[in-house]
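*Asks:* I would like the atomic coordinates for the input below:
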Amino acid sequence: MKSFEYHQTTKIVFGKGRINELGEIAGTFGKKVMLVTTDSKNEGLSEQFERVKRILTDYGLDVEHFDGVIPNPDLKCIAEGSEMARSFKADVIIGLGGGSSMDAAKAISVEASHEGSCWDYLFYKDSQPEKDKLIPVIAVSTTSGTGSQVTQVAVVTNTETRDKSAIYNNNIYPEIAIIDPELMVSVPGFVTACTGFDVFCHAFESILNPGSSEYTNLMAWEAISIVIKTLPALLSDLKSVELRERMSWADTMAGLCIANAGVTLPHGMGMAIGGMYPKVSHGEALAIVYPACMRFTKESAIDEYRKLSSVLNPDFAKLSNGDSTEAAVEGIDSFLKSIGLFKTLSTVSVPESEINLLAKQCMVLPDYKANPRVATEGEMLKLVQDSY
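*Replies:* Predicted coordinates for the structure are as follows:
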C-alpha cells in the first residue's frame, strides 16, 4: 500500500428527516442565521425554503435570507451575499441547495470576513482564508450531487474574464453537512441526471488521480457501483426517497474522495466550459467531454478501465485488457445515453469559432496535469474538437 493522508473536518448528519434538527444545530453557533439559496420565487423551491426558515425561527433564531445565488455563482452574486452577511452580522451561514448554493455560502463566508473579494483567495493566490476569521458554514444538500457539502472547495465564476476557478483550502470545509434525501424528491429529471453523473465523475477521477489511496478508492468504487445501478432507475421514479437516499450516499462518498484525492482532465475541461458558457451546467459539461476523455486516457489506465467495465457489466470481467478498456469506453457512452446526457458542445450552442479559445481555457486549471495521460496543447484542442 502506498502511504496517504486523509483530512475531513465536516461533521456529517445523514438520513431521512435530519433537516428537522437544523434549528438546534445552527443555534450552537449563535442567534443570527443567514440562509443562502437560489431565487425564492422559484415555484419548485419556495415551499422548501419556507419550511427551512420555519425550522430555524421556531427554534428562536433570527433569519436573514439571501436568495441571489445563480447557477455557476459569479463575483457579483458573492459580493451581494457578503454585504448582507456583514450588515446582518451573521453568526452562521447555511448554504441550502445544490453545489451553487453551498459553494456560494463558503465564498460568502470568505469575502464577508476578509479584505477584498473572494477572488483574491483562489487556490493559487498568496492570500488564503484564515480559520479564525471565517463565518461558520452549514451545508444542506438538496441534490445528489456535487459533493460540496463535504469539500474544501468553493467554485466561483469571473464573468468579465470568462474564467471559472475555486477557493481551495481546508479552512473552508463546512462545519456541518446535513444530507436528508427527503429534500431531494422535488429535483427535476435533468438536474438529477446532471448532478448524478457528476457523482460518477468525482468517484472515477479520484481513482485516476495520483492522490488516490486505498481509503478513497474503497469509497469511490462503491459510489460508482451505486450510480450505475441507481441513477437510471431514479430517473424513472424521481419521487423515490429510497433511490434518493442511495444517490445521496454515493454523492457523499464521492465528495470525500475528491476532497482528499482530487479530479482530473474532464473536470478541468468542464470548469472551462462553465466559465465561458455559464448556462451549461457542470454535470452537463462533464457529460459532453467524457466520451473524448475516456478514449484519450484508456491506454494509460488499463487496470482502472478494466475494473470499471466489470462494474458496468460483470460479464466484462472475462475480457482481455484491450477489450475491457474499450468496453468501459463504450459502456460510458451507453450510460450517458440512458440518462439523456449524450451531448456535444454544438448541442449546447457553443460557437464553433471559439473552439481554440476554449481549448486554451481548458489548460488554465491544473486538473488536466493529474490525468494518467497529460494532454499537450495540440491534444487538448483535439479533445475539444472531438467533443464538438
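*Asks:* before we move on, what SS does the nearest residue to residue 67 once chain neighbours are set aside have?
*Replies:* Nearest-residue entry for residue 67: residue 40, 4.0 Å, with adjacent residues in sequence omitted and distances by CB to CB, 6 or more residues apart in numbering. For every residue, glycine as well, the C-beta is placed using N, CA and C. Under the three-state scheme (DSSP: H, G, I helix; E, B strand; the rest coil), residue 40 adopts coil.
*Asks:* Looks like residue 40 contacts residue 68 (just checking).
*Replies:* No. With contacts defined as CB atoms under 8 Å, residue 40 does not count as touching residue 68, sitting 9.6 Å away.
*Asks:* which of those two has more neighbours?
*Replies:* More neighbours surround residue 68 than the other of residue 40 and residue 68, with 19 against 16 (other CB atoms under 10 Å).
*Asks:* what's that one sitting at in phi/psi?
*Replies:* In this entry, residue 68 is assigned phi and psi values of phi -100, psi 10 (degrees, to the nearest 10).
*Asks:* Quick check: it vs residue 315, distance?
*Replies:* Distance check for residue 68 against residue 315: by CB to CB, to the nearest Å, it reads 50 Å.
*Asks:* same deal with residue 139?
*Replies:* Taking CB to CB as the measure, residue 139 and residue 315 are separated by 40 Å.
*Asks:* More neighbours: the two, which one.
*Replies:* residue 139 (29 against 10).
*Asks:* Next secondary structure element downstream of the host helix or strand of residue 112?
*Replies:* Element membership for residue 112 (DSSP states H and E) is helix 99-113. Sequence-wise, the next helix or strand downstream of helix 99-113 (DSSP H and E) is strand 137-141.
*Asks:* What is the helix or strand that that next one is followed by packed up against?
*Replies:* Note on strand 137-141: by DSSP H and E, the next helix or strand toward the C-terminus is strand 153-158. Judged by 3 or more CB pairs under 8 Å, 6 or more residues apart in numbering; DSSP states H and E, strand 153-158 is in contact with helix 75-88, helix 99-113, strand 163-168, helix 265-276.
*Asks:* isn't residue 207 right up against residue 222?
*Replies:* No. Using CB under 8 Å, residue 207 makes no contact with residue 222, being 11.4 Å away.
*Asks:* With neighbour numbers in mind, choose between these two.
*Replies:* Per other CB under 10 Å, whichever of residue 207 and residue 222 has more neighbours is residue 207, with 22 against 16.
*Asks:* Who's the closest spatial neighbour of the more buried one, skipping the chain neighbours?
*Replies:* Closest residue in space to residue 207, ignoring its immediate chain neighbours: residue 220 at 5.0 Å, by CB to CB, 6+ apart.
*Asks:* thinking that neighbour is in contact with residue 258, fair?
*Replies:* No. Residue 220 sits out of contact with residue 258 when judged by CB under 8 Å, with a separation of 9.1 Å.
*Asks:* what sits in contact with each of these two?
*Replies:* residue 206 (CB atoms under 8 Å, 6 or more residues apart in numbering).
*Asks:* How many residues are close by residue 62?
*Replies:* Residue 62 - counted by other CB under 10 Å - has 14 other residues nearby.
*Asks:* What's the separation between the closest residue to it other than its chain neighbours and residue 142?
*Replies:* Across the structure, with CB to CB, 6+ apart as the measure, the residue nearest residue 62 apart from its sequence neighbours is residue 32 (5.1 Å). In this structure, residue 32 and residue 142 are separated by 23 Å, where distance is defined by CB to CB.
*Asks:* ok, these two, which is more surrounded?
*Replies:* Between residue 32 and residue 142, counting by other CB under 10 Å, residue 142 is the more crowded of the two (29 against 17).
*Asks:* How about the contacts made by the more buried one?
*Replies:* For residue 142, the contacting residues are 48, 96, 97, 98, 101, 183, 184, 187, by CB under 8 Å, 6+ apart.
*Asks:* quick one, longest helix in the chain?
*Replies:* helix 214-235 (DSSP state H).
*Asks:* ok, and for that helix, which residues are buried?
*Replies:* Buried positions in helix 214-235, judged by neighbour count with 16 or more other CB atoms under 10 Å: 215-217, 219-224, 226-228, 230-231, 234-235.
*Asks:* Please apply the same query to stretch 96-116.
*Replies:* Applying 16+ other CB under 10 Å to stretch 96-116 flags 96-114 as buried.
*Asks:* And the nearest residue to residue 343 once chain neighbours are set aside, how far from residue 350?
*Replies:* Leaving aside its chain neighbours, residue 343 sits nearest to residue 288 (5.2 Å; criterion: CB to CB, 6+ apart). The gap separating residue 288 from residue 350 is 9 Å, by CB to CB.
*Asks:* got it, and residue 123?
*Replies:* Following CB to CB, the distance that separates residue 123 from residue 350 is 26 Å.
*Asks:* And these two? Which one has more around it.
*Replies:* The neighbour comparison of residue 123 against residue 350 (other CB under 10 Å) goes to residue 350, with 21 against 14.
*Asks:* What's the end-to-end length of stretch 130-138?
*Replies:* Stretch 130-138 has an end-to-end distance of 17 Å (criterion: CA to CA, to the nearest Å).
*Asks:* List the buried residues of it.
*Replies:* Judged by neighbour count using 16+ other CB under 10 Å, the buried positions of stretch 130-138 are 134, 135, 136, 137, 138.
*Asks:* these two touch, right, the second one and residue 111?
*Replies:* What it means is residue 135. No. No contact is recorded between residue 135 and residue 111 when judged using CB under 8 Å, the distance being 10.1 Å.
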